[in-house]
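*Asks:* I need the structure of the sequence given here:
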Amino acid sequence: MSEKIPTTVITGFLGAGKTTMIRHMLSNAGGRRIALIINEFGDVGVDGEILKSCGSDACGEDDIIELANGCICCTVADDFVPTMTKLLSRGVKPDHIIIETSGLALPQPLVRAFNWPEIKAQVTVDGVLTVVDGKALAEGRFADDEEALAAQRSADPNLEHENPIEELFEDQLNAADMVILNKSDLLSDAERKATADELKGKLRPATRLVPAQNGVVDLAVLLGVKGKAEDDMHNRPSHHEMEGEEQHDHDDFVTFIVELPTGQDRARLLKTIQKTIAAHDILRIKGFADVAGSDSRFLVQAVGPRLNGYFDRPWQAQDRRGTRLVVIGEKHMDRPAIEASLRG
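*Replies:* Numbering: from 1, shown residues only. As a prediction, the model looks like this:
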């Protein structure tokens, strides 16, 4: 092979819009054959199911590989490298590879894995794209509030480091060749400018900031970055690398699944989820529901206070029909109370 296969790594916090952007990329692939690796955080491959139902010729079901054994940055040797090796051994190789990391993944260890000899000879990291939820950032939920952190440190002598969510957010920005300011249509002109200015203050000089609505960005912008990020990681260190540490601790986050009876009332289910989110510090709820009066799956996506739901496709014979919700948040979440609230 005379040219290496370009790979785009897509990272970003929970619910920023990574999956939506990938669906747009697959729908506008322009004849490219794309392989997709999804690192789903949790026990239900919700993002993978969404993408498999998109009906794109650019990426068939055999081209979608899910890694559900934990954060990709912590399982590089055990999961990612063998997966890439198997993918590259196929008779028909992809024209482009897209990797969607989980919201908790550090991009740095993953990108460094592209220097493994069996991978480096055939693949290069075309670009690292970090998707940011512009509305959430404007509201301060995922923004770095130095004054609040300083106040916390003053009040709590046991708090020696920054909030791990903030560190993770900054690490994903620092690894990026391009930052996608998604959901920019939900911001006023003033909010959009303020949010963009705040982000620019956190980015490396070479990183581009691109506004987007619903993850729609021209593929001429997203692909062909030619960043060769695997050769540039000395300019993209993570917090833990700067502190001399080798990996991050996922004990700060909790994921669990709540199963509900079939035949849910759609309006009541959405109201219950909204009430549960309002009462508890939940980062995200996502999953599929079996609602009364419909033979189609009802997809639920909630990020912070925002909740969306729609029917994505009919239930199929091989599906496990039912209602399963993945709840993601910090370790201090009251799991019994959340489960009880969702079960009504």
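*Asks:* ok, Ala292 - how many residues close by?
*Replies:* The tally of other residues near Ala292 (other C-beta atoms under 10 Å) stands at 11. Every residue, glycine included, has its C-beta placed from N, CA and C.
*Asks:* wait, what's in contact with it?
*Replies:* For Ala292, the set of contacting residues under the criterion of C-beta atoms under 8 Å, 6 or more residues apart in numbering consists of 263-266.
*Asks:* and those, which of them are buried?
*Replies:* 264, 266 (16 or more other C-beta atoms under 10 Å).
*Asks:* inside helices: which ones of the contacts of Ala292?
*Replies:* Using DSSP state H, Arg266 are the members of those that sit in helices.
*Asks:* mind checking how far the closest residue to Leu260 other than its chain neighbours is from Leu307?
*Replies:* Leaving out its chain neighbours, the residue that sits closest to Leu260 by C-beta to C-beta, 6 or more residues apart in numbering is Thr323, at 4.0 Å. Thr323 sits 15 Å away from Leu307 when distances are taken as C-beta to C-beta, to the nearest Å.
*Asks:* could you do Asp334 as well?
*Replies:* Asp334 sits 20 Å away from Leu307, taking C-beta to C-beta as the criterion.
*Asks:* same check on Arg32?
*Replies:* Applying C-beta to C-beta, one obtains 34 Å for the distance of Arg32 from Leu307.
*Asks:* returning to what we had before: got the confidence number for the residue nearest to Leu260?
*Replies:* Thr323 is assigned a predicted lDDT (pLDDT) of 93.
*Asks:* surely it and Pro261 touch.
*Replies:* Yes: shown here, Thr323 and Pro261 form a contact pair, counting by C-beta atoms under 8 Å, at 7.0 Å.
*Asks:* quick one, helices of the stretch 51-200 of the chain?
*Replies:* Using DSSP state H, counting those that start in this stretch, the helices found in the stretch 51-200 of the chain span residues 81-88, 107-112, 117-120, 134-138, 146-155, 164-175, 189-200.
*Asks:* so what are the sheet partners of whichever helix or strand comes after the last one and their directions?
*Replies:* Next helix or strand after helix 189-200 toward the C-terminus (DSSP states H and E): strand 208-211. According to DSSP bridges, strand 208-211 has the following sheet partners: strand 178-182 (parallel).
*Asks:* and the strand it pairs with, average pLDDT?
*Replies:* Averaging the model's pLDDT scores along strand 178-182 yields 95.
*Asks:* when you give positions from now on, start the count at 6
*Replies:* Taking 6 as the first residue, the last one we looked at is strand 183-187.
*Asks:* residues contacting that strand, please?
*Replies:* Under the contact criterion C-beta under 8 Å, 6+ apart, strand 183-187 has outside partners 17, 21-22, 25-26, 132-139, 178, 197, 200-201, 204, 208, 212-220, 222, 226-227, 230.
*Asks:* nearest spatial neighbour of Asn179, chain-adjacent residues omitted?
*Replies:* Arg241 (5.5 Å).
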